[in-house]
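**Student:** I'd like to go over a predicted model; first the sequence, then the structure.
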Amino acid sequence: MMQNQEEETLAGEEGAHWISVSDLMAGLMMVFLLVAVVFMVIVQKESERMREVAEVYLDLREALYKDLMNEFETDLPRWGAQLTPDLVITFQDSGVLFELGSARLRPAFEAIMADFFPRYVRVITSERYREDIEEVRIEGHTSSDWTNARNANEAYINNMRLSQERTRSSLEYVISLDQVSHEQAWLKRNLTANGLSSSHPILNADGSENPELSRRVEFRVRTDADSRIRTLLESHRRPLQAGQ
């Protein structure tokens, strides 16, 4: 009789033990579920913010492209230039830009810049765009050719030096124009010059380099949407890394 009572007591204790363990496991599962839900909400909010920034960027880019095209559409052909939807204006008539192997602007290119740049600045510094533009980059590009270069590396380095000198001389010329003197502070904060040598050549249909078109000067606009998206991605990446 007493043995049966003892067995019942032990069974009851074991049952109580298993009930408490199951309660603990259920509680832990609820905690993990809550953490997962919170994490999903955070990810969804970050995704929505990135989508909003991307939409603003696309709207801004489209509007700026239209305004630049309205301003320069009739001029681009006679300048030997083109404007792409990613806000890059390319001057590709190498016979107009610089003397061969020189960083000095030809008079014809100076005349084009004197016409183009003040109007360009007027558009991009308008109230609609000026606070959203992070950088206006003057890029200088060359072909891979270099007379008497001993090898491809020497040609690349010589062209790098030349492209950098050309972008600096282009920047020096346009920023000194009287028509943009009222925007000197904004230009010094946002205008940069970058020589890229032959790192981004223009290719023919068969994949070979087109030396004439590769020798070019580009004006490229970057908006602060790029940095906003990078900031969002970095803030989203840090919690992930902390949880690993």
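**Tutor:** That came in fine, so what should we check first?

**Student:** now the chain, which segments are flagged as low pLDDT?
**Tutor:** The chain contains residues with pLDDT under 70 at 1-24, 26, 36, 38-39, 41-57, 226-244.

**Student:** Determine the set of other helices and strands touching whichever helix or strand Glu165 is part of.
**Tutor:** If you go by DSSP states H and E, Glu165 is part of helix 152-175. Contacts defined by 3 or more CB pairs under 8 Å, 6 or more residues apart in numbering; DSSP states H and E place helix 152-175 against helix 107-124, strand 133-141, helix 184-190, strand 191-195, strand 216-223. For glycine as for every other residue, the C-beta is placed from the backbone atoms N, C-alpha and C.

**Student:** Only the buried residues of the longest one, if you could.
**Tutor:** Put plainly, it is helix 107-124. Neighbour-count burial for helix 107-124 flags 109, 112-113, 116-118, 120-121, 123-124 (criterion: 16 or more other CB atoms under 10 Å).

**Student:** Stretch 214-223 now?
**Tutor:** Neighbour-count burial for stretch 214-223 [16+ other CB under 10 Å]: 214-221, 223.

**Student:** again, but for stretch 58-65
**Tutor:** 60-61, 64-65.

**Student:** about what we covered before: quick one: which of the buried residues of stretch 214-223 is nearest to Thr192?
**Tutor:** Of all those, Arg220 has the smallest distance to Thr192: 9.7 Å, by CB to CB.

**Student:** Check the gap between the closest one and Tyr65 for me.
**Tutor:** 13 Å (CB to CB, to the nearest Å).

**Student:** can you check Gln82 too?
**Tutor:** Distance from Gln82 to Tyr65, by CB to CB: 12 Å.

**Student:** shared neighbours of Arg220 and Tyr65, which are they?
**Tutor:** Common neighbours of Arg220 and Tyr65, using CB atoms under 8 Å, 6 or more residues apart in numbering, are Leu87.

**Student:** Figure out how far the helix holding Glu165 is from the centre of its chain.
**Tutor:** 22 Å (CA atoms, centre = their mean, to the nearest Å).

**Student:** Identify the residues contacting it?
**Tutor:** Here helix 152-175 has contacts from 97-98, 101, 103-105, 110, 113, 117, 138-146, 149, 180, 184, 187-188, 191-198, 217, using CB under 8 Å, 6+ apart.

**Student:** Alpha carbons of it, in CSV - could you do that?
**Tutor:** Extracted as CSV, the C-alpha positions of helix 152-175 are listed here (Å, rounded to 0.1, in the frame of the first residue of the first chain):
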residue,chain,number,x,y,z
ALA,A,152,50.8,48.7,-71.8
ASN,A,153,51.5,49.7,-68.2
GLU,A,154,53.6,52.7,-69.2
ALA,A,155,50.9,53.8,-71.7
TYR,A,156,48.3,53.5,-68.9
ILE,A,157,50.3,55.6,-66.4
ASN,A,158,51.2,58.2,-69.0
ASN,A,159,47.5,58.4,-70.0
MET,A,160,46.5,58.6,-66.3
ARG,A,161,48.7,61.6,-65.8
LEU,A,162,47.4,63.2,-69.0
SER,A,163,43.7,62.6,-68.1
GLN,A,164,44.2,64.1,-64.7
GLU,A,165,45.9,67.2,-66.1
ARG,A,166,43.1,67.6,-68.6
THR,A,167,40.3,67.4,-66.0
ARG,A,168,42.1,69.9,-63.9
SER,A,169,42.5,72.3,-66.7
SER,A,170,38.9,71.8,-67.7
LEU,A,171,37.8,72.5,-64.1
GLU,A,172,40.1,75.5,-63.8
TYR,A,173,38.6,77.0,-67.0
VAL,A,174,34.9,76.5,-66.2
ILE,A,175,35.0,77.5,-62.6
